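Enquirer: Let's see this in three dimensions:
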Amino acid sequence: MTGSGNGGACSGKGVYLKLTVLFLLSSTIYVYLYSSITMQTFAIGEVMKGTINDIQRWRDKMEGWVQMIGGGGSQINAKFVKNASFAENMQNKSKLEVRHRVSEQYNNSVSGTKKPSKSTFLHQKPTRSFVKNSTGSSVGGKTEVLLTLFTSWPTKAEKYTCHNNTIKNWAQLKPHIQPVLFTQETLLAEEATEKGWAVLPVRKAGRGVPILKYMYKDAMERYNSTFYAFSNGDILYSQSLIETLQTVLKSSQIPKGKPMMIIGRRTNVQDMTSAEAVSGDKVQKTAKVRGKIFTVWAEDYFITSANYPWKDIPEVVIGRRAYDNWLVSNARKQKHVTIDATDTLVALHQTTKAGNQEGFKADNPEYNHNLLRRMYRHLHYAAGLTSCADYYTRYHEKRQIQILKRTVPRSCFPV
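Expert: The predicted model follows:
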């Protein structure tokens with residue numbers, strides 16, 4: 001009995017020892033295979049990343065070459081964009097995944113809960129390189145910067161194509177127009193800089209949203225141009241922007257020396273594609289074919305002269321309702337020159353799933369209205385419609401732009 005029991009115990013220990021050895025061997029094999037596969041995956045990923053970057057660089061070079069070709073350049077460009085879309089989409093997807101990890105940094109930074117890192121922005125010296133004249137032409141062989149055009153947006157996956165279109169579109173307006181992006185996001189700043197934009201940090205914000213007057217003040221202190229303008233980040237422009245501003249400068253109808261504000265209605269286009277935004281000519285054509293002109297209540301850009309008194313403007317924030325109409329009504333009340341450029345300046349709004357009333361759906365949509373109501377006894381927003389501007393632009397014979405005095409409707413009063 002005793003011998004049989006000891007034999008059973010020894011047999012049990014032997015089985016346990018075998019199982020232990022088998023487990024250790026299996027674990028070793030598993031770790032080896034996992035490490036090997038991980039290293040191979042990493043190596044493949046690095047190779048793919050390098051390949052995609054190479055494709056992107058060649059695509060950018062090809063775009064530059066195509067833009068130098070006359071005649072059928074737009075057709076070649078459209079064809080190439082189609083062929084390059086796979087590589088671009090792969091790279092965009094990778095950028096979006098990383099951007100989402102830093103989007104919280106933007107919200108914290110502009111709300112004052114966290115100071116932006118000094119390494120976020122590339123150091124940029126003030127652009128004060130040559131003398132301006134009154135015609136918007138070249139001085140000393142250099143093209144004068146006609147307009148400093150700036151905007152701001154937080155990273156959102158559903159708006160990536162829209163904002164990517166904006167980055168490329170505004171960059172094509174150089175050297176007459178200098179695009180500037182206000183942001184706290186490192187990756188977004190780097191991408192904009194690569195495309196020829198200037199980048200500035202958001203200096204002051206209200207509830208996490210940039211305050212408009214400080215954007216103007218910072219842009220005016222840093223860059224030298226005839227005009228300065230905030231525009232919503234989903235607006236695309238064509239050569240008509242430059243042509244309209246050059247006409248304003250040459251016009252004898254407009255009083256000289258007075259502060260000036262140029263506004264206009266936008267044209268909504270649903271689901272704008274990258275191919276449709278590839279050039280200013282394409283933007284102009286798409287707006288004509290698929291666009292729908294929007295209400296006189298909506299104003300998406302504010303082009304002002306260098307002497308416009310932004311220091312006296314309340315601390316309204318961008319992207320929320322009420323500030324646009326108040327700005328125009330205030331300009332009229334202060335006897336500034338106001339011009340409605342709707343008929344000659346194409347401002348294409350890229351309408352996404354968010355629709356055409358994003359300001360009403362954003363967080364704290366009444367921020368500006370509540371601020372203005374505390375400061376002023378009466379608010380007459382209807383005095384700040386595009387149709388209330390004192391002057392307006394139009395095309396006449398031979399597609400020349402003309403600026404005329406407007407008979408302002410009674411509904412635009414009292415101011």
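Enquirer: quick one, domains of this structure?
Expert: In terms of domains, the chain is parsed into 13-67, 85-412 (source: automatic domain parsing).
Enquirer: Show me what counts as buried in stretch 273-293.
Expert: Neighbour-count burial for stretch 273-293 flags 274, 276-280, 282-287, 291 (criterion: 16 or more other C-beta atoms under 10 Å). Just so you know, the C-beta spots here come from the backbone N, C-alpha and C atoms, and that holds for glycine as well.
Enquirer: swap that for stretch 375-382, please
Expert: Of the residues in stretch 375-382, L379, H380, Y381, A382 count as buried by neighbour count, 16+ other C-beta under 10 Å.
Enquirer: And the residues you listed, which two are furthest apart?
Expert: L379 and A382 (9.9 Å; C-beta to C-beta).
Enquirer: that older thread, out of the buried residues of stretch 273-293, the closest to S152 would be?
Expert: Nearest to S152 among the buried residues of stretch 273-293: A277, at 19.5 Å, using C-beta to C-beta.
Enquirer: residues near the residue nearest to the closest one when sequence neighbours are not counted, how many?
Expert: Among residues not flanking A277 along the chain, N165 sits closest, at 3.9 Å (C-beta to C-beta, 6 or more residues apart in numbering). Counted with other C-beta atoms under 10 Å, the neighbours of N165 add up to 21.
Enquirer: cool, K256 as well?
Expert: 9.
Enquirer: so is it in a helix, a strand, or just coil?
Expert: coil (DSSP: H, G, I helix; E, B strand; the rest coil).
Enquirer: For N307, see how far away it is.
Expert: 11 Å (C-beta to C-beta, to the nearest Å).
Enquirer: go on, P365?
Expert: To N307, P365 is 32 Å away according to C-beta to C-beta.
Enquirer: So for those two, which residue has more residues nearby?
Expert: Neighbour count, other C-beta under 10 Å: between P365 and N307, P365 has more, with 16 against 11.
Enquirer: That one should be in a helix, yeah?
Expert: No - per three-state DSSP, P365 lies outside any helix segment and is coil.
Enquirer: Thought R321 was touching it, still the case?
Expert: Yes - between P365 and R321 there is a contact at 5.9 Å, judged by C-beta atoms under 8 Å.
Enquirer: quick one on the thing from earlier: does the residue nearest to A277 sit in a helix or strand, and which one?
Expert: N165 is part of helix 160-171, with elements assigned from DSSP states H and E.
Enquirer: and whichever helix or strand comes after that helix, what does it pack onto?
Expert: Counting by DSSP H and E, the next helix or strand C-terminal to helix 160-171 is strand 177-182. Here strand 177-182 touches strand 147-151, helix 160-171, helix 186-194, strand 198-200, helix 212-222, going by 3 or more C-beta pairs under 8 Å, 6 or more residues apart in numbering; DSSP states H and E.
Enquirer: winner for burial among those?
Expert: Highest mean neighbour count of the helices and strands packed on strand 177-182: strand 147-151, a mean of 25 (counted as mean count of other C-beta atoms under 10 Å).
Enquirer: got the angle between it and strand 177-182?
Expert: Here the directions of strand 147-151 and strand 177-182 differ by 30 degrees (axes from the mean of the first three to the mean of the last three C-alpha atoms, to 10 degrees).
Enquirer: Need the residues that contact strand 147-151.
Expert: 166, 170, 173, 176-182, 200, 215, 219-220, 223, 225-233, 241-242, 245, 303 (C-beta atoms under 8 Å, 6 or more residues apart in numbering).
Enquirer: try 6 Å
Expert: 177-180, 219, 223, 225, 227-231, 233 (C-beta atoms under 6 Å, 6 or more residues apart in numbering).
Enquirer: JSON lines please, covering the residues you listed and showing pLDDT and distance to K333.
Expert: What follows is the contacts of strand 147-151, written out as JSON lines (pLDDT from 0 to 100; distance: C-beta to C-beta, whole Å):
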{"residue": "I177", "pLDDT": "98", "distance to K333": "29"}
{"residue": "Q178", "pLDDT": "98", "distance to K333": "30"}
{"residue": "P179", "pLDDT": "98", "distance to K333": "31"}
{"residue": "V180", "pLDDT": "98", "distance to K333": "29"}
{"residue": "A219", "pLDDT": "98", "distance to K333": "24"}
{"residue": "Y223", "pLDDT": "97", "distance to K333": "28"}
{"residue": "S225", "pLDDT": "98", "distance to K333": "26"}
{"residue": "F227", "pLDDT": "98", "distance to K333": "21"}
{"residue": "Y228", "pLDDT": "98", "distance to K333": "21"}
{"residue": "A229", "pLDDT": "98", "distance to K333": "21"}
{"residue": "F230", "pLDDT": "98", "distance to K333": "20"}
{"residue": "S231", "pLDDT": "98", "distance to K333": "23"}
{"residue": "G233", "pLDDT": "97", "distance to K333": "29"}
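Enquirer: Show me the helices in this structure, by range?
Expert: Secondary structure of the chain (DSSP state H): helices at 2-68, 73-110, 160-171, 186-194, 212-222, 240-250, 280-290, 323-333, 358-361, 367-375.
Enquirer: hey, least reliable of those helices by pLDDT?
Expert: Between the helices of the chain, the lowest average pLDDT goes to helix 73-110, which shows a mean of 44.
Enquirer: Let me know the pLDDT of F182.
Expert: 98.
Enquirer: what bridges to it?
Expert: For F182, the beta-bridge partners are L200 (DSSP bridges).
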